[in-house]
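Colleague: pasted the sequence and its predicted model underneath.
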Amino acid sequence: MNNGDIVYQDLCDLVGSENVLRDELMSRHTSFRIGGPADFFVMPDERSLPAVVDYCRTNEVPCLVIGNGSNLLCGDRGVEGVVIEIGKRMSAIEVDDNRVIAQAGALLSAIATAAVQEGLTGFEFAAGIPGSIGGAAVMNAGAYDGEMKDILTEITILMPDGGMRTIPAEELDLSYRHSIIPGKGWIVLSVTICLKHGRKEDINARMEELKELRTSKQPLEYPSAGSTFKRPEGFFAGKLIDDAGLRGSACGGAQVSEKHCGFIINRGNATASDVRSLMEQVQADVREQFGVELEPEVKFVGRF
């Protein structure tokens with residue numbers, strides 16, 4: 001067997017052959033619907049995840065951990081080594097009075113549904129964000145005047161040395177689209193949030209209101225990674241891009257959305273290179289016209 005066959009067989013032994021894919025297109029696992037093949041795509045549960053991470057570290061196999069892929073631009077040449085998806089096999093949700101304990105792969109939409117069923121308010125802002133709770137904790141996701149740091153109480157993580165630890169939210173240095181989690185090399189296993197009791201009718205009404213706002217203002221009919229750039233202090237990225245005359249600007253299949261300039265969308269055949277080139281053009285024009293540096297909110301992964 002060649003080295004690739006050996007790695008494949010070892011991964012199958014750890015998580016089961018049905019949970020290991022070879023040359024799996026990342027376009028199937030990112031909201032941009034862009035990305036070349038991962039050498040190995042692994043879907044562990046919480047029991048097998050530490051073994052997979054340890055295997056990659058011990059054998060010096062490159063390893064990328066992803067959630068729902070809603071904030072990623074993956075290179076057209078794919079991803080070297082192993083992509084570990086924390087998804088459906090790590091998506092359990094438990095409600096205990098006003099606390100919700102969710103495995104990292106649980107979708108925000110599923111948690112919002114569980115919360116409203118129990119008459120819990122405070123999570124409405126996240127109901128329409130197309131990500132998982134683990135990723136939301138990592139980047140302190142937020143929308144419509146709410147963010148994870150408002151409700152997060154603690155996370156359980158897998159540390160680089162293979163140990164597990166529960167970390168209080170106040171130790172995570174949560175700020176706008178930031179936490180210390182990536183820099184520490186931690187992998188989120190589960191998240192605990194604290195909500196408040198409320199009326200189901202009011203919670204549903206607020207969720208519907210935010211859904212209508214998203215539908216009317218955001219280009220949800222096209223693949224994207226949500227807001228392309230972080231909000232510069234004192235400005236709004238979308239307005240700067242619009243004022244720079246870039247509404248509708250395109251590069252290949254990538255386009256600055258005409259509906260919301262804060263979004264770069266995939267018109268159907270965009271490559272990662274198209275998106276990256278358009279992002280660079282937007283950054284250069286905004287920098288030249290307004291002296292403002294736009295920082296990507298989208299994360300670049302894989303081979304470009």
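Modeller: Looks like it came in fine.

Colleague: the closest residue to Asp173 other than its chain neighbours: neighbour count?
Modeller: Closest residue to Asp173 apart from its sequence neighbours, by CB to CB, 6 or more residues apart in numbering: Ile180 at 4.8 Å. No exception for glycine: its C-beta is placed from N, CA and C like everyone else's. Ile180: 13 surrounding residues under other CB atoms under 10 Å.

Colleague: same deal with Leu210?
Modeller: By the criterion of other CB under 10 Å, Leu210 has 18 neighbours.

Colleague: tell me the phi and psi of it?
Modeller: Phi and psi for Leu210, reported as degrees, to the nearest 10, are phi -70, psi -30.

Colleague: direction included, what does the lowest-mean-pLDDT helix or strand in the chain pair up with?
Modeller: The weakest-scoring helix or strand in the chain, judged by mean pLDDT, DSSP states H and E, is strand 142-143 (a mean of 91). Taking DSSP bridges as the criterion, strand 142-143 sits next to strand 146-147 (antiparallel) in its sheet.

Colleague: moving C-terminal of the partner strand, what's the next helix or strand?
Modeller: Sequence-wise, the next helix or strand downstream of strand 146-147 (DSSP states H and E) is strand 152-158.

Colleague: which of the residues in that following strand are buried?
Modeller: Leu152, Glu154, Ile155, Thr156, Ile157, Leu158 (16 or more other CB atoms under 10 Å).

Colleague: just the closest of those residues to Asp39, please.
Modeller: Proximity of the buried residues of strand 152-158 to Asp39 (CB to CB) peaks at Leu158, which lies at 21.9 Å.

Colleague: grab the nearest non-local neighbour of that closest one.
Modeller: Of all residues beyond its chain neighbours, the one nearest Leu158 is Ile187 (4.3 Å), with distances taken as CB to CB, 6+ apart.

Colleague: same deal with Leu213?
Modeller: Nearest-residue entry for Leu213: Tyr144, 7.3 Å, with adjacent residues in sequence omitted and distances by CB to CB, 6+ apart.

Colleague: okay, now the unreliable bits of this structure?
Modeller: Counting by pLDDT under 70, the ranges of the chain that qualify are 1.

Colleague: OK, contacts around Ser273?
Modeller: The contact partners of Ser273, taken as CB atoms under 8 Å, 6 or more residues apart in numbering, are Asp76, Gly252, Phe304.

Colleague: how about JSON lines for these, with distance to Ala225, secondary structure and neighbour count added?
Modeller: Output for the contacts of Ser273, formatted as JSON lines (distance: CB to CB, whole Å; DSSP: H, G, I helix; E, B strand; the rest coil; neighbours: other CB atoms under 10 Å):
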{"residue": "Asp76", "distance to Ala225": "15", "secondary structure": "coil", "neighbour count": "18"}
{"residue": "Gly252", "distance to Ala225": "16", "secondary structure": "coil", "neighbour count": "15"}
{"residue": "Phe304", "distance to Ala225": "15", "secondary structure": "coil", "neighbour count": "14"}
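
Colleague: about what we covered before: list phi and psi for the residue nearest to Asp173.
Modeller: Main-chain torsions, Ile180, degrees, to the nearest 10: phi -80, psi 0.

Colleague: report the separation between it and Leu158.
Modeller: Separation of Ile180 from Leu158 (CB to CB, to the nearest Å): 15 Å.

Colleague: dump the buried residues of strand 152-158 into JSON lines; add distance to Ala272 as well.
Modeller: Output for those, formatted as JSON lines (distance: CB to CB, whole Å):
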{"residue": "Leu152", "distance to Ala272": "31"}
{"residue": "Glu154", "distance to Ala272": "35"}
{"residue": "Ile155", "distance to Ala272": "30"}
{"residue": "Thr156", "distance to Ala272": "33"}
{"residue": "Ile157", "distance to Ala272": "29"}
{"residue": "Leu158", "distance to Ala272": "29"}
